[in-house]
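A.B. asks: My questions concern the predicted model and sequence given below.
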Amino acid sequence: MSEYLTVVDHPLVLHKLSLMRDVNTPTKEFRLLLKEITLLLAYEITREMPMTTQQIETPLEVMDAPVADGETIALVSILRAGNGMLDGVLELMPNAGVGFVGLQRNEETLQPEQYYFKVPARLDERVVIAVDPMLATGNSSVAAIDLLKQAGARDIRFLCLLAAPEGIARMQEAHPDVHIVTAAVDRGLNDKGYIMPGLGDAGDRMFGTV
């Protein structure tokens, strides 16, 4: 763990991640595993989420109890694969606002191309959690963070399933203020820009378009 990067190497996370890596894991199980891992990772990324107090009555007395202020959170899915992580985070924070950034990687240049952008209002007043299963080259993630900052976001965190050293370095160079939470940092990228050993294309495996 560092000020910039947190790797959640909990045994349950590692076990479920190994199942996701297996090429024989079917689409339905892959989606379920992604949701379960995301829920576990979300505990870490929300460790410092905004809190307030609410007066409640216990069986013994009245108290000012700490409660999470979910309405100050914005979840932003980097399409399309990021949608597979939304349910896991929303189970913990059902009142969070949800946005979408559509970025498609050009397979020749490996550069992102934007096709959609819709986010909640008042991003400058929210903790923004951007979700995308893979931090590979980092180009799409950096472009998404660029757009979020242009929309006013100031407190941004990035949640991913797997990261490559190249992607981490690219994000740190472009956005050193964005904390990354991931389940694993893999060896590196192949000549196609895919994480190795990785788990293949997360979007294809999630939606059965392999």
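C.D. replies: That came in fine, so what should we check first?
A.B. asks: Can you pull the phi/psi pair for V185?
C.D. replies: The phi/psi pair for V185 (degrees, to the nearest 10) reads phi -110, psi 110.
A.B. asks: pLDDT value on the nearest residue to it once chain neighbours are set aside, please?
C.D. replies: In space, and not counting its chain neighbours, V185 is closest to A163: 5.1 Å by C-beta to C-beta, 6 or more residues apart in numbering. No exception for glycine: its C-beta is placed from N, CA and C like everyone else's. Here the pLDDT value assigned to A163 is 97.
A.B. asks: State the number of residues packed around A163.
C.D. replies: 25 (other C-beta atoms under 10 Å).
A.B. asks: Ok, G203 next?
C.D. replies: Residues near G203, counting by other C-beta under 10 Å, number 18.
A.B. asks: my guess is it meets L161, correct?
C.D. replies: No. Applying C-beta atoms under 8 Å as the test, G203 and L161 come out as separate, 11.8 Å apart.
A.B. asks: which residues do these two both contact?
C.D. replies: P133 (C-beta atoms under 8 Å, 6 or more residues apart in numbering).
A.B. asks: Now do the contacts for the residue nearest to V185.
C.D. replies: Here A163 is in contact with 5, 134-135, 180, 182, 184-186, 195 (C-beta under 8 Å, 6+ apart).
A.B. asks: Any chance of CSV for those residues, columns pLDDT and distance to F117?
C.D. replies: Converted to CSV, the contacts of A163 look like this (pLDDT from 0 to 100; distance: C-beta to C-beta, whole Å):
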residue, pLDDT, distance to F117
L5, 95, 26
M134, 94, 20
L135, 96, 20
I180, 97, 22
T182, 97, 24
A184, 97, 29
V185, 97, 29
D186, 97, 29
I195, 96, 25
